[in-house]
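**Student:** for reference, the sequence and a predicted model appear below.
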Amino acid sequence: MDMNSNHTPVLTDSAPITNSRLHSNLLPYSHTGATFSHGMLLNIPRKKTGILEDVFSCGWLDAMKSSSPPPKYITKDVNQGFASSESDPYFNWLLKYPSALASFDQITNFAKGKRIALFLDYDGTLSPIVDNPDCAFMSDNMRAAVKKVAEYFPTAIISGRSRDKVHEFVGLTELYYAGSHGMDIIGPVRQSQSVSHNHPNCIVKSTDKQGKKVNLFQPAAEFLPMINEVLNSLIECTRDIKGAKIENNKFCVSVHYRNVDEKSWDLVGRRVNDVLKGFPRLRLTHGRKVLEVRPVINWDKGKAVTFLLESLGLNNCDDVLPIYIGDDRTDEDAFKVLREGNKGYGILVSSAPKESNASYSLRDPSEVMEFLKSLVVWKQSPLKSHI
């Protein structure tokens, strides 16, 4: 395919969003010198620059606004001791996505005799969403809860942040870590050779800081020079926009506009768009008040979950129950994998109604911590967890 006619970044999103999504006929994407297997190529829309700019000015700004955290509802489900009203949107939403705490017995009844594998997002799940992403610290109580649950269940953190950064925040060696939305994974040495993605730089046997044998999985390794080039350009072009912050997440770059005046959001988007015009192998997605630049590769948090399950020897096993807890659009890929294969449960962390591929919900990180503690108590009771 001739890529000379397609030098406009692709605006994509991992979950449906109103009318601001882009629609077009999809054609296979390829690029000179690519070494990815066919299954890792990503279908992307081909659009003329002028058309895309029109969509950007209208639809993408709406998408940026829609990614802002919605107003929080104070009421909780009556099963958890708070008064609710049937006219409360959150109460009605809970009928479709019931609380994982109120439904804990149902979840654990299904888990009896099964091996639970736990996957956790970081921001908004283990730590609160804060104005400064460098200050998204998890509490000591949360760290203790994660440490304890990892003693009983294989546990992995899957974050959009760089792997080193999220490891620094969490500070636990008992876990497996996947950064850059799963494009940088340290996991257990594979128990079989069934995990193969036909890329020479995907799997590198290595040792962690404790000298433990691990697999280093980086399917987008060849994109690093390109990502670094874009990183420097984005830092320079947003320098004059008050509140804009560029975060280096190694295999992706985050452009935070949480602290930018809403009147300047369009300017942020246009500056990012201008930088990416010359990089057709990169795509632009959005999260909660953040634009993210990522490689055009068929890899996401859902595939990271599958890879980790395979590395743990737990994939395609009838006696395994994966549970994924996350709060953002990027977590929807993992929820979808678990739902479509009827493999496990996705739990959405949200204090307001929104559509999701998850099966259950929790309101905030404090409820996540309560759920993790409940899992430990359940596991410590052999009569409950093994019958």
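**Tutor:** All right, it came through fine.
**Student:** mind listing the helices for this structure?
**Tutor:** 49-55, 61-66, 89-96, 104-111, 140-152, 163-170, 224-237, 265-276, 301-311, 332-340, 365-379, 382-385 (DSSP state H).
**Student:** nearest to Ser351, of these?
**Tutor:** For Ser351, the closest of the helices of the chain is helix 89-96, at 7.6 Å, according to CB to CB. C-beta: built from backbone N, CA, C; applies to glycine.
**Student:** that older thread, want to throw the helices of the chain into TSV with mean neighbour count?
**Tutor:** Listed next are those as TSV, based on neighbours: other CB atoms under 10 Å:
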stretch	mean neighbour count
helix 49-55	15
helix 61-66	17
helix 89-96	16
helix 104-111	16
helix 140-152	17
helix 163-170	19
helix 224-237	16
helix 265-276	20
helix 301-311	24
helix 332-340	22
helix 365-379	19
helix 382-385	12
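**Student:** need those in CSV (columns: distance to Arg258 and mean pLDDT).
**Tutor:** Below are the helices of the chain laid out as CSV (distance: least, CB to CB, whole Å; pLDDT from 0 to 100):
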stretch, distance to Arg258, mean pLDDT
helix 49-55, 24, 38
helix 61-66, 11, 66
helix 89-96, 23, 92
helix 104-111, 33, 95
helix 140-152, 22, 97
helix 163-170, 17, 95
helix 224-237, 16, 96
helix 265-276, 10, 94
helix 301-311, 21, 93
helix 332-340, 21, 95
helix 365-379, 18, 97
helix 382-385, 41, 62
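**Student:** quick one: closest of the ones you listed to Val290.
**Tutor:** helix 61-66 (9.3 Å).
**Student:** picking that back up, can you add distance to Glu292 and give the helices of the chain back as a markdown table?
**Tutor:** Below are those laid out as a markdown table (distance: least, CB to CB, whole Å):
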| stretch | distance to Glu292 |
| --- | --- |
| helix 49-55 | 18 |
| helix 61-66 | 12 |
| helix 89-96 | 27 |
| helix 104-111 | 31 |
| helix 140-152 | 25 |
| helix 163-170 | 14 |
| helix 224-237 | 11 |
| helix 265-276 | 10 |
| helix 301-311 | 13 |
| helix 332-340 | 13 |
| helix 365-379 | 22 |
| helix 382-385 | 39 |
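**Student:** figure out which of those is closest to Asp319.
**Tutor:** Across those, closest to Asp319 is helix 104-111 (CB to CB), at 10.1 Å.
**Student:** relative orientation of that closest one and helix 365-379 in degrees?
**Tutor:** 50 degrees (axes from the mean of the first three to the mean of the last three CA atoms, to 10 degrees).
**Student:** follow-up on the earlier one: of the helices of the chain, which is nearest Val293?
**Tutor:** helix 224-237 (5.8 Å).
**Student:** tilt between the closest one and helix 265-276?
**Tutor:** Using the same axes, to 10 degrees: helix 224-237 against helix 265-276 is 140 degrees.
**Student:** what is the nearest residue to Ile325 once chain neighbours are set aside paired to in the beta sheet?
**Tutor:** Leaving aside its chain neighbours, Ile325 sits nearest to Ile347 (4.5 Å; criterion: CB to CB, 6 or more residues apart in numbering). On the basis of DSSP bridges, Ile347 is bridged to Ile325, Tyr360.
**Student:** identify the residues contacting Ile347.
**Tutor:** 100, 323-326, 358-362, 371 (CB atoms under 8 Å, 6 or more residues apart in numbering).
**Student:** show me which of these are buried.
**Tutor:** Buried subset of the contacts of Ile347 (neighbour count, 16 or more other CB atoms under 10 Å): 100, 323-326, 358-362, 371.
**Student:** what is the nearest of the residues you listed to Arg161?
**Tutor:** Nearest member of the buried ones among the contacts of Ile347 to Arg161, counting by CB to CB, is Gly326, at 13.1 Å.
**Student:** who's in contact with the closest one?
**Tutor:** So Gly326 contacts 120-121, 124-125, 158, 301, 334-335, 346-349 (CB under 8 Å, 6+ apart).
**Student:** and if we set it to 6 Å?
**Tutor:** Taking CB atoms under 6 Å, 6 or more residues apart in numbering, we find Gly326 in contact with 121, 125.
**Student:** TSV for the contacts of Ile347, including distance to Leu312?
**Tutor:** As requested, those are exported to TSV (distance: CB to CB, whole Å):
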residue	distance to Leu312
Ala100	22
Ile323	14
Tyr324	14
Ile325	18
Gly326	19
Ala358	22
Ser359	22
Tyr360	23
Ser361	26
Leu362	24
Phe371	21
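**Student:** could you find the closest non-adjacent residue to Ala244?
**Tutor:** Thr238 (4.2 Å).
**Student:** same check on His167?
**Tutor:** Tyr177 (5.2 Å).
**Student:** so the residue nearest to Ile325 versus Leu338, what's the distance?
**Tutor:** 10 Å (CB to CB, to the nearest Å).
**Student:** identify all contacting residues around stretch 360-370.
**Tutor:** 97-98, 100, 103, 125, 128, 142, 145, 325, 347-349, 351.
**Student:** got a list of what Gly124 touches?
**Tutor:** Asp327.
**Student:** now do the contacts for Val170.
**Tutor:** Ile157.
**Student:** let me redo that: Pro188
**Tutor:** Counted by CB under 6 Å, 6+ apart, Pro188 has contacts 311-312.
**Student:** do you know the pLDDT at it?
**Tutor:** On pLDDT, Pro188 comes in at 77.
**Student:** in stretch 110-126, which residues are buried?
**Tutor:** Neighbour-count burial for stretch 110-126 [16+ other CB under 10 Å]: 111, 114, 116-126.
**Student:** can you put these in JSON lines and add distance to Val255?
**Tutor:** Below are the buried residues of stretch 110-126 laid out as JSON lines (distance: CB to CB, whole Å):
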{"residue": "Ala111", "distance to Val255": "40"}
{"residue": "Lys114", "distance to Val255": "41"}
{"residue": "Ile116", "distance to Val255": "36"}
{"residue": "Ala117", "distance to Val255": "33"}
{"residue": "Leu118", "distance to Val255": "31"}
{"residue": "Phe119", "distance to Val255": "26"}
{"residue": "Leu120", "distance to Val255": "25"}
{"residue": "Asp121", "distance to Val255": "19"}
{"residue": "Tyr122", "distance to Val255": "19"}
{"residue": "Asp123", "distance to Val255": "15"}
{"residue": "Gly124", "distance to Val255": "18"}
{"residue": "Thr125", "distance to Val255": "21"}
{"residue": "Leu126", "distance to Val255": "23"}
